[in-house]
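Need coordinates for the following:
(2 chains, ligands or ions: 2)
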Amino acid sequence: MTEIKKATRDGFGDAILELAQNNKNIVALSANLGESTKLDKLKKNFPDQYIECGVAEQNMAGIAAGLALSGKIPFITSFAAFSPGRNWEQIRVSICYNRANVKIASTHAGLSVGPDGATHQSLEDLAITRVIPNLTVICPADYHEAKKAVIAAANHNGPVYIRLGREPMPMITDENSSFEIGKCDILKEGSDVTIIATGIMVNEALKASEKLAEQGIHSEVINCHTIKPLDEETIISSAKKTGKVITAEEHQIIGGLGGAVAELLSQKLPTPIKRVGVHDTFGESGTAKELLEKYSCDSTAIIKSVKEII
Amino acid sequence: MNTEELQDLARNIRKSIINMLAEAGTGHTAGSLDIVEIMVSLYFHALKHDPENPDWPDRDRLVLSAGHINPALYATMSEAGYFPKEELLTLRKINSRLQGHPHNHSLPGIEASSGPLGQGSSVAVGMALADKMDNKPNHTYCIVSDGEHDEGQIWEAIMFAAKNKLNNLTFIVDRNHIQIDGTTEEIMPLEPFAKKYEAFNWHIIEVDGHNFTEIISALDKKSTEKPTVILAKTIAGKGIPAIENNWQWHGKTPTKDEAIEAIKQLEAR
Ligand SMILES: Cc1ncc(C[n+]2csc(CCOP(=O)(O)OP(=O)(O)O)c2C)c(N)n1
Ligand SMILES: [Mg+2]
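Ligands and ions are numbered 1, 2, ... in the order given. From the prediction side, this is the model:
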C-alpha cells in the first residue's frame, strides 16, 4: 500500500498511450471530453489515432462500430452518464449486436464525480451494460488495475465496457498484481462473512475488514473487477465457506454487482446477502468524500451491513 | 448491362419482394418497392463486390440504414448470387438467415445490422473513415430513408463526414415522402431538404430514383472532395398502382390475392 493517490481514469490514459504506440489500429474517439477522459497525451503524441466526434455520443458509438467492422480497435470515451447513458441503444445494436470490437471506456462514473451533481453521477451504468449480450463489463479497483484492464480489453476480441472514476484514490494493487478478465481476486481470506466489492469500494472493503478483524470478525474480501462474465466459481465457493455475503459498489444496489451476485446465489446457492451501495435515489452536489458517506458507499456502511447479517 | 436488362432485373426483384412479403405476412412494402432501381444500380453497377467471397477485404461497402426495407436488399443480393432465390420465402420466419431487419452475423454479405433508424448512417461513416485512415480506395454507400432524418443521429453523422471530407462516402436518400402515420411533410417537414445537406457542406445530386440512366450517372460522378448525397425522388410502392404513393402501405403487406394481382401487373409492364 502506498500513500500516492491516482484515479482509474489516469490508468486508462496511460494504458491507451502505450497501446496506441504499439498498434496503429488502436484509435480513441472523444465526444469533446478528451482532456477529462485522459486522452490528451494520446492526442498530442498520436494525433492520427485520436478522433474528435464533437458532443455526439450516439454518432461516436456508431462510428466506432464502423471502424471496428473495418479492422480498427476503437475506444470510445465520455462520462459514463453520457456513454453508455445517452448512447445505450447504439451500444446495444451498432456495437454489441454487430459484435463490433469496440471498447467503451467511461470516466466520471459514480458519486465521486462530486460537485457536478446528480446529472453527471452515473449510478446505473453497470446495470444497463451488464444486461446486453456480447458485452464484457469491467470496473477496476484502482489505477494499476485500470491500466491492466484497458490492455486486457484491447487484447480481448469483442465489446468491453470499462467503468472509470475521476477522483484520485488510494492504490491497493500494484504493477505486478494479477489481472484476468472474468477472474475475481481474493484479497483477504476469512471465514465469517464474504465481502464482494468492485471499483473504489474494494479499498473500503479492505478498510472495513481491518476494523472488523479488531472486533474478532474475520471477513473474506473479494475484488470483483469483472461484473460480466461473473466469476461464479470463486463467489460460490466463498459463499459456501462463510454462509453470508455483502456486496459493495459505488452504484445503485439494483442491477449492478449486488444484483448480479444475488441472481447467481439465488439460483445456485441461496445465501443471505446484504447489498451496499446507493439505495434507489439520485445523488447531489458535494465533495466525493461527503457523498460517499451520505449515500452509504464507504467502509462504515459495509461494517454496518456485516453486523446486521452476522 | 444495358437499361433493358436492368429493368428486367428490377421487375424480377419487385416480384420477389411481393412474394416474400405476402408469404411472411409482415414487413414493409412501400419502401422496399421504391428502392429497387437503386439496389440494382448498386449491386450490378457501382459496388465492387464478390458474392462468392462476401468478406473480400477490397470490397466496397453498403449499409442499409433504413433496415426495414431489407426485402429489396435480400431480393437483389439473391439475384446477384449471394444465396438461392428459394430462401427468400423464409423472410422473417424462425431459423431464417433473412432476419426482419438485417443482421451481419446471420447472412454473409450484410455489412452491418440495422433497423433502429439513424444508426446505420454512423456505422457507414466509421467504415469510410477506416478506409481513409488505411488509404484504401474503397467506397462506402449508405441508404437512408427520408423519415429517418427525423433522428438527430443522422445529422451528427452528416457533420462528422463533412468535417473529415469523406469523399469515399455516399448517402442515397430514399425520398419517397412517406413515413409511418403520414407524409414526411405532415409528420416532420424536411424541405428544403437539399439545402440542408448543402448547408452541412455535402455534395448534392438529385435524381429520379426510378431512372437507371440518372442513378448510374450520379453514382459515377460522386464528389472527389466531399461526401456525396444522392437525393433520389422515389414513388412509394413503385410498380403497383394500388400501393403507390400511399403511406398506409408503409408497413402493410399484400394478401395472397393482392400479391397475385400485383405480379400480373408487374408482368404486363
Ligand atoms: C429508432 C427507431 N424508431 C422508430 C422506428 C420504427 N420505424 C420504422 S420505419 C419508420 C418510419 C421511417 O420513415 P421512412 O423510413 O421514410 O418510412 P418509409 O418510407 O419506408 O415508409 C419508423 C418510425 C425505428 N425503426 N427506429
Ligand atoms: Mg420514407
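
tell me the contacts of the residue in the stretch 151-269 of chain B that chain A sits nearest to?
Residue of the stretch 151-269 of chain B nearest chain A, by CB to the nearest CB: B:E156 (3.5 Å). For the C-beta atoms, the positions are set from N, CA and C on the backbone; glycine is no exception. Applying CB atoms under 8 Å, 6 or more residues apart in numbering or on different chains to B:E156 gives the contacts A:C53, A:G54, A:A56, A:Q58, A:N59, B:S122.

Now the last one: closest residue in space that isn't a chain neighbour?
Counting by CB to CB, 6 or more residues apart in numbering or on different chains, the nearest residue to B:S122 once its immediate chain neighbours are dropped is A:G62, at 2.4 Å.

quick one, phi psi at the one you found?
Phi and psi for A:G62, reported as degrees, to the nearest 10, are phi -70, psi -40.

nearest spatial neighbour of A:K41, skipping sequence neighbours?
A:L17 is the one closest to A:K41 (CB to CB, 6+ apart), at 5.0 Å.

next one: A:A68
A:A100 (3.9 Å).

try A:G54
A:N32 (5.7 Å).

before we move on, what SS does A:G277 have?
What DSSP: H, G, I helix; E, B strand; the rest coil gives for A:G277 is strand.

how near is the residue nearest to it when sequence neighbours are not counted to A:S296?
In this structure, A:G277 finds its nearest non-sequential neighbour in A:I253, 4.2 Å apart by CB to CB, 6+ apart. From A:I253 over to A:S296 the distance is 9 Å, taken as CB to CB, to the nearest Å.

of these two, who's got more company?
Higher neighbour count among A:I253 and A:S296: A:I253, with 21 against 17, using other CB atoms under 10 Å in any protein chain shown.

Look through chain B and tell me its longest helix.
helix B:3-24 (DSSP state H).

any idea of the mean pLDDT in that one?
Across helix B:3-24, the average pLDDT comes to 98.

Buried by neighbour count: which residues of stretch A:238-258 qualify?
A:238-239, A:242, A:244-258 (16 or more other CB atoms under 10 Å in any protein chain shown).

Just give me the neighbour total for B:A24.
Using other CB under 10 Å, B:A24 is surrounded by 19 other residues.

And B:L89, by the same measure?
B:L89 has 15 neighbours, counted by other CB under 10 Å.

go on, A:Y295?
Other residues close to A:Y295 by other CB under 10 Å number 22.

and what of B:L231?
With other CB under 10 Å as criterion, B:L231 counts 20.

for it, what are its contacts?
B:L231 neighbours (CB under 8 Å, 6+ apart): B:V173, B:R175, B:F193, B:A194, B:Y197, B:I204, B:I205, B:E206, B:V207.

ok, then the element right after the longest helix of chain B?
helix B:30-34 (DSSP states H and E).

Any residue of that following helix touching ligand 1?
Yes: using CB under 6 Å from any ligand atom, we find that helix B:30-34 touches ligand 1 at B:A30, B:G31.

what's in contact with that helix?
So helix B:30-34 is contacted by B:14, B:17, B:21, B:66, B:68-72, B:145, B:174, B:176, B:178, B:209-210, B:234-240, B:243, B:246-247, B:249-250 (CB under 8 Å, 6+ apart).

Return the list of helices and strands in contact with the helix or strand hosting A:Q267.
Assigned by DSSP H and E, A:Q267 falls within helix A:257-268. Counting contacts by 3 or more CB pairs under 8 Å, 6 or more residues apart in numbering or on different chains; DSSP states H and E, helix A:257-268 is packed against helix A:125-130, strand A:193-197, strand A:226-228, helix A:232-242, strand A:245-252, strand A:273-278.

Sounds good, over and out.
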